[in-house]
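J.: Structure here, sequence nowhere to be found:
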């Protein structure tokens, strides 16, 4: 359906939350060192909302916010796994946890460190992060 992209499926640990996402088979994953990403080990890649579909579990999600409350840290009420969330850098898209994808569709993962401890500066200076949620 999306030229050059593959359909990945994934979800939380208990299976209550399931989703599909269209993205490259070669993922560009961010490793952020901000306070919450460090504690949760929140490595993620960003996609436009139009390429994400929640298949089940909307009623089993809860959300945590802090500071600016722009990032929406959604997670499963049952098992506590955050398989996706709405990132502050891209509130019109989703940050997807590659480790929550089902096996078989990811070819490679390239990880880029981002200095979330100085979030405003890091995002301002990054050449592409704000456009990653654009179709």
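T.: Received the coordinates, thanks. All figures in this text were calculated on a predicted structure; none of them were measured in a lab.
J.: so residue 134, which of the three states?
T.: Of the three states, residue 134 takes coil according to DSSP: H, G, I helix; E, B strand; the rest coil.
J.: again with residue 74
T.: The three-state label given to residue 74 by three-state DSSP is strand.
J.: partners of it in the sheet?
T.: Taking DSSP bridges, one finds residue 63 as the beta-bridge partners of residue 74.
J.: isn't it right next to residue 85, touching?
T.: Yes: look at residue 74 against residue 85 with C-beta atoms under 8 Å: they come within range, at 5.3 Å. All C-beta atoms are positioned from the backbone trio N, CA, C, and that covers glycine.
J.: With neighbour numbers in mind, choose between the two.
T.: residue 85 (22 against 19; other C-beta atoms under 10 Å).
J.: what about the more buried one, which helix or strand?
T.: Of the helices and strands defined by DSSP states H and E, residue 85 is found in strand 84-85.
J.: do residue 103 as well
T.: Residue 103 belongs to no helix or strand when elements are defined using DSSP H and E.
J.: Near it, how many residues? Count them for me, please.
T.: Using other C-beta under 10 Å as the criterion, residue 103 is surrounded by 6 other residues.
J.: Check the spacing between it and residue 8 real quick.
T.: With distances taken as C-beta to C-beta, to the nearest Å, residue 103 is found 10 Å from residue 8.
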